[in-house]
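A.B. asks: Predicted coordinates and the sequence they were generated for:
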Amino acid sequence: MPPAGQCLLWLGLVLASVCASLESAAPSNSTTGPLNVLLIIVDDLRPSLGCYGDKAIRSPNIDQLASRSLLFQNAFAQQAVCAPSRVSFLTGRRPDTTRLYDFNSYWRIHAGNFSTIPQYFKENGYVTMSVGKVFHPGISSNYSDDSPYSWSFPPYHPSSEKYENTKTCRGPDGQLHANLLCPVDVADVPEGTLPDKQSTEQAIRLLEKMKTSASPFFLAVGYHKPHIPFRYPKEFQKLYPLENITLAPDPQVPAGLPPVAYNPWMDIRQREDVQALNLSVPYGPIPVDFQRKIRQSYFASVSYLDTQVGYLLSALDDLQLTNSTIIAFASDHGRRVMDLVELLSLSPTLAGLAGLHVPPRCPVPSFHVQLCREGQNLGKHFQLQDLGEDPHLRGNPRESIAYSQYPRPADYPQWNSDKPSLKDIKVMGYSIRTIDYRYTVWVGFDPHEFLANFSDIHAGELYFVDSDPLQDHNMYNDSQGRDLLQSLMP
């Protein structure tokens, strides 16, 4: 769980990383030949889905996929920011190995010429294709989505994505604004379409071409929603009447939360409709009526996303490609499997399911090694399904650990707390998540040497999951916490 996971639960932006979802649908063993891969990456999706027990959300297409998939309940991203997280799970390396903590460098030059998931499949005879937001655009993917290394031909980006943060949201005054909340009439927006609609259409065109291909394919489709701004077809807002929207169960900042762990969400505050609220920085509360509107628009964005996933999966069925295709569904920022897993495991798991050689575990350090993995192969969970899911064959979930990290520029919230540039990082939070607890330590960090100083502890957090599921009570300085921490020492 990212160290920042305690703040402003109503937004769900950090929680997209906290409870990242990773679902895989394995085709039947009756298929012959190489298996295709469809990797669906969703931006900032928290477990607000029917398949995770959220009865308020309408997500029938994703729920149907989950019903015939392995659904991981405890999957964790390794950092709660788009570019570092995507580079981490697409290379199978931790942020401390890619040395990417912000948006401002390209790992092949900055850290090491590490192989990626699509690159490995491409080198093994696959046609690899990218649609939408797969790698984060910009310098973190060399302004090319890591082409030509990862992809067989140039990646596709929707032409309408350039309007995502522009003045296309009609406000109560009848004027266009750059708002956080942005239900739109699609016919009235520039180009008369939205990025995720274009990505679905392009992905379907590529599937149609691959239907007659002699080569297997690896198709990655990256959706923008439900990432902010909440720009979606306005008809989805009608699914969630405002009077039916409940507030977040725990919107208050926990009393024991160290200031370094709090995120002031300055990118949210830059939106015109949020600026109009005149919130105090950094702890100013959001008015209750606006909280409901935020949740309404997030839920509507999820349902809009769900329809796009439905179109994509229906095309796969119509083209009779489903039974020969591995489907993986993940958010960048978690049948049901309770074991803790990491998004790092996506790379070796897809390789193993496709019948490719699973890259070896990385040595320490691994900066000079192009092809290796820091995550586990989760194929054992599919084997358990074949073996009748005998619980005695499963490893002890209490032995599972997930790691994540989050950078901060200072011990107290400031304008760049949520997205500090590398040169400004002074503190790094490292979290250990087990079935029983989350332990986070915030330590000094040298951005020039990429070194954390674990003897320079700025703050700590310890939450026991069973007794404190919302993680409100920091036990780091409590006697119970000291006993646990003492047991963790070598």
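C.D. replies: In hand now; what should we look at? Numbering: from 1, shown residues only.

A.B. asks: okay, Phe114: pLDDT?
C.D. replies: Predicted confidence (pLDDT) at Phe114: the value is 97.

A.B. asks: likewise the one 5 residues further on?
C.D. replies: pLDDT recorded at Gln119 is 98.

A.B. asks: Thr98 and Leu462, how far apart?
C.D. replies: Applying C-beta to C-beta, to the nearest Å, one obtains 28 Å for the distance of Thr98 from Leu462. Every C-beta, even on glycine, is put in place using the N, C-alpha and C of the backbone.

A.B. asks: Those two: which has the busier surroundings?
C.D. replies: Legend: neighbour count by other C-beta atoms under 10 Å for Thr98 and Leu462, higher for Thr98 (27 against 24).

A.B. asks: ok, for Val288, nearest residue in space, not its chain neighbours?
C.D. replies: The shortest distance from Val288 to any residue that is not its chain neighbour, by C-beta to C-beta, 6 or more residues apart in numbering, is 6.7 Å, and that residue is Leu247.

A.B. asks: so the one you found sits right up against Phe290, yeah?
C.D. replies: No. The pair Leu247 and Phe290 does not pass the contact test of C-beta atoms under 8 Å, sitting 11.0 Å apart.

A.B. asks: which of these two has more neighbours?
C.D. replies: Neighbours around Leu247 and Phe290, counted as other C-beta under 10 Å, are more numerous at Phe290. The numbers are 18 against 11.

A.B. asks: How about the secondary structure of that one?
C.D. replies: Assigned by DSSP: H, G, I helix; E, B strand; the rest coil, the conformation of Phe290 is helix.

A.B. asks: contacting residues for the nearest residue to it once chain neighbours are set aside?
C.D. replies: Nearest residue to Phe290 in three dimensions, chain neighbours excluded: Leu277, at 6.4 Å (C-beta to C-beta, 6+ apart). Contacts for Leu277 were tallied using C-beta atoms under 8 Å, 6 or more residues apart in numbering; they are Ile286, Pro287, Phe290.

A.B. asks: Same list (these) but as CSV, adding distance to Asp478 and pLDDT.
C.D. replies: Shown next, in CSV, are the contacts of Leu277 (distance: C-beta to C-beta, whole Å; pLDDT from 0 to 100):
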residue, distance to Asp478, pLDDT
Ile286, 30, 93
Pro287, 34, 95
Phe290, 35, 97
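
A.B. asks: Looking at those, which is nearest Ser331?
C.D. replies: When these are compared for distance to Ser331, the smallest value, 23.4 Å, is given by Ile286; criterion: C-beta to C-beta.

A.B. asks: Assign a three-state SS to Val309, would you?
C.D. replies: Val309 - assigned by three-state DSSP - is helix.

A.B. asks: Tell me where the stretch 301-450 of the chain is predicted with low confidence.
C.D. replies: The stretch 301-450 of the chain contains residues with pLDDT under 70 at 333-336, 383-399.

A.B. asks: At which residues are the strands of it located?
C.D. replies: 325-331, 336-342, 402-408, 427-433, 437-446 (DSSP state E, counting those that start in this stretch).

A.B. asks: for the helix or strand following the longest one, what is the average pLDDT?
C.D. replies: If you walk from strand 437-446 toward the C-terminus, the next helix or strand you reach (DSSP states H and E) is strand 451-464. Across strand 451-464, pLDDT averages out at 95.

A.B. asks: hey, where'd the helices end up in this structure?
C.D. replies: 15-18, 60-67, 82-91, 95-98, 107-110, 117-123, 195-210, 266-269, 272-275, 288-318, 346-353, 380-386, 479-488 (DSSP state H).

A.B. asks: Make a markdown table out of these and add distance to Asp145.
C.D. replies: Shown next, in a markdown table, are these (distance: least, C-beta to C-beta, whole Å):
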| stretch | distance to Asp145 |
| --- | --- |
| helix 15-18 | 21 |
| helix 60-67 | 25 |
| helix 82-91 | 10 |
| helix 95-98 | 16 |
| helix 107-110 | 13 |
| helix 117-123 | 10 |
| helix 195-210 | 13 |
| helix 266-269 | 23 |
| helix 272-275 | 30 |
| helix 288-318 | 19 |
| helix 346-353 | 17 |
| helix 380-386 | 30 |
| helix 479-488 | 40 |
